[in-house]
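Enquirer: When you get a sec, could you give me coordinates for this:
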Amino acid sequence: MQKNNSFRMPAEWEQHERTFIEWPVKESMVWPENYQSVCKGYAEVIRAISAFEKVTVIVNDADSAFAKQLCESSAQYLTIPHNDAWCRDNGPTFLIDKDSRLAAVNWKFNAWGEKYLPYDLDDTVASAVALEFNIPCIDATVVIEGGSIHVDGEGTLLTTEECLLNPNRNPHLTRSQIEETLRAHLNVSKIIWLKRGLFGDETDGHVDNIACFAAPGVILIQTCHDETDPNFAITKENLHILGESTDAAGRSFQIIEIPQPPARYYNGERLTLSYLNFYLVNGGIILPVFGEDAKDTDLEASRILQNAFPNRKIVPVDGMALITEGGNVHCITQQMPLGIHPGAVKGDKR
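Expert: Next up, the predicted model:
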């Protein structure tokens, strides 16, 4: 399929047909000794999402039985070989047109600047999913991860310079060329560039850890008010950028702050804890929480999100089960919008 400006990337709050999640691969894990607990964390997220919409778990043959044992009837299972389990970043970015027809973008994937090898199978997952669901697919020639972009569904895109302009992604492209690519593939007209994502984020500053749209003209941002914390300067800079920005419709933004949880460390390294790594499902929000010294900020994040999304049920899940591997709920999920795509799906089985 060629680029077609009749298609757009819908906002995450628009109706979903289903959610995709890739099952963890022990060999790819930073801390393989945590495999069982990570898988249980994935299963908790899968069960939570399944109360709102279908979940399709992408599995390797070798892991299929274990995934079904933990998730049981909460999911449908689709066998597609993959190296790692971050479907937001290597899965398809789905598009929809005014007639509710679906399409997908297959971005190039290089494991966050070739940080983890191998990634050859991960780079084929998006096209394989599109093929299984009989959805026309655009093969992009640029490296983009789904977690590096957020859209409002009305022409505005939010991202960070730290990630998209990083020389480990597309060193041959200028900022204007990357913008042109995003406009052409996603049908956006306004791109807002934050400078940096959260301190220490190994994705090089994915925007889905620090800011997202709550509605057209409304942005949620995780903030830090401790001047001794590296996230303080990042917060201050990004708040200034958003305060000076407008969206594709020319609106200034209503900015809603969510306080960051207390710093947490694992094996001497600071973890990238983020409430903004929540996931919108049909009628709900799957929210990672962190417990212990974060109980107060857990409650505050839930309260703020409930006010921002009054018609959605907030479902907390254990964010600590996933974060030691570098991401959280939003990172492991990828939504398919509710739309029209022809034909039966070979692997769509419980």
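Enquirer: hey, let's count contacts and neighbours off CA atoms from now on
Expert: Noted.
Enquirer: From the chain's centroid, how far away is the biggest helix by length in the chain?
Expert: In terms of residue count, the longest helix belonging to the chain (DSSP state H) is helix 35-50. Distance of helix 35-50 from the chain centroid (C-alpha atoms, centre = their mean, to the nearest Å) equals 16 Å.
Enquirer: packing partners for that helix?
Expert: Applying 3 or more C-alpha pairs under 8 Å, 6 or more residues apart in numbering; DSSP states H and E, one finds that helix 35-50 makes contact with helix 64-71, strand 284-289, strand 313-318, helix 320-323.
Enquirer: Would you mind listing the outside residues contacting the longest one?
Expert: If I follow you right, that is helix 64-71. W23, C39, K40, A43, I46, R47, V59, Y77, T79 (C-alpha atoms under 8 Å, 6 or more residues apart in numbering).
Enquirer: Next, the contact list for the residue nearest to the last one when sequence neighbours are not counted, please.
Expert: Here the nearest residue to T79 in space, its sequence neighbours aside, is V59; by C-alpha to C-alpha, 6 or more residues apart in numbering that works out to 4.9 Å. Residues touching V59, when contacts are defined by C-alpha under 8 Å, 6+ apart, comprise E22, W23, A67, Y77, L78, T79, I80, P81, H82.
Enquirer: Give me the phi and psi for V59.
Expert: Main-chain torsions, V59, degrees, to the nearest 10: phi -120, psi 150.
Enquirer: how far away is it from I80?
Expert: 6 Å (C-alpha to C-alpha, to the nearest Å).
Enquirer: One more: F20?
Expert: 12 Å.
Enquirer: Can you tell me the closest non-neighbouring residue to Y77?
Expert: V57 (4.9 Å).
Enquirer: Can you name the helix or strand that the one you found falls in?
Expert: Assessed by DSSP states H and E, V57 sits inside strand 54-59.
Enquirer: Alpha carbons of that strand, in CSV - could you do that?
Expert: Extracted as CSV, the C-alpha positions of strand 54-59 are listed here (Å, rounded to 0.1, in the frame of the first residue of the first chain):
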residue,chain,number,x,y,z
LYS,A,54,-10.3,-8.4,23.1
VAL,A,55,-6.6,-9.1,23.7
THR,A,56,-4.4,-10.9,21.1
VAL,A,57,-1.2,-12.2,22.5
ILE,A,58,1.6,-12.7,20.0
VAL,A,59,3.6,-15.8,21.1
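Enquirer: For that strand, which strands pair with it and how are they oriented?
Expert: strand 16-22 (parallel), strand 76-79 (parallel) (DSSP bridges).
Enquirer: May I have the last one exported as PDB, CA atoms only?
Expert: Just to be clear, that refers to strand 76-79. Taking Å, rounded to 0.1, in the frame of the first residue of the first chain, the C-alpha atoms of strand 76-79 are listed here in PDB:
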ATOM      1  CA  GLN A  76      -6.600 -15.000  21.900                       C
ATOM      2  CA  TYR A  77      -3.200 -16.300  20.700                       C
ATOM      3  CA  LEU A  78      -1.300 -15.600  17.500                       C
ATOM      4  CA  THR A  79       2.000 -17.300  16.700                       C
END
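Enquirer: Contacts made by the helix or strand just after that strand with the rest, please.
Expert: Where DSSP H and E defines the elements, the next helix or strand beyond strand 76-79 is helix 87-90. Here helix 87-90 makes contact (C-alpha under 8 Å, 6+ apart) with 20-22, 107, 109, 122-123, 125-126, 144-147, 330-334.
Enquirer: redo that, cut-off 6 Å
Expert: If you take C-alpha atoms under 6 Å, 6 or more residues apart in numbering as the criterion, helix 87-90 is touched by I21, E22, E145, G146, G147, C331, I332, T333, Q334.
Enquirer: Looking at these, which is nearest H172?
Expert: Distance to H172 across those (C-alpha to C-alpha) is lowest for E145, with 17.1 Å.
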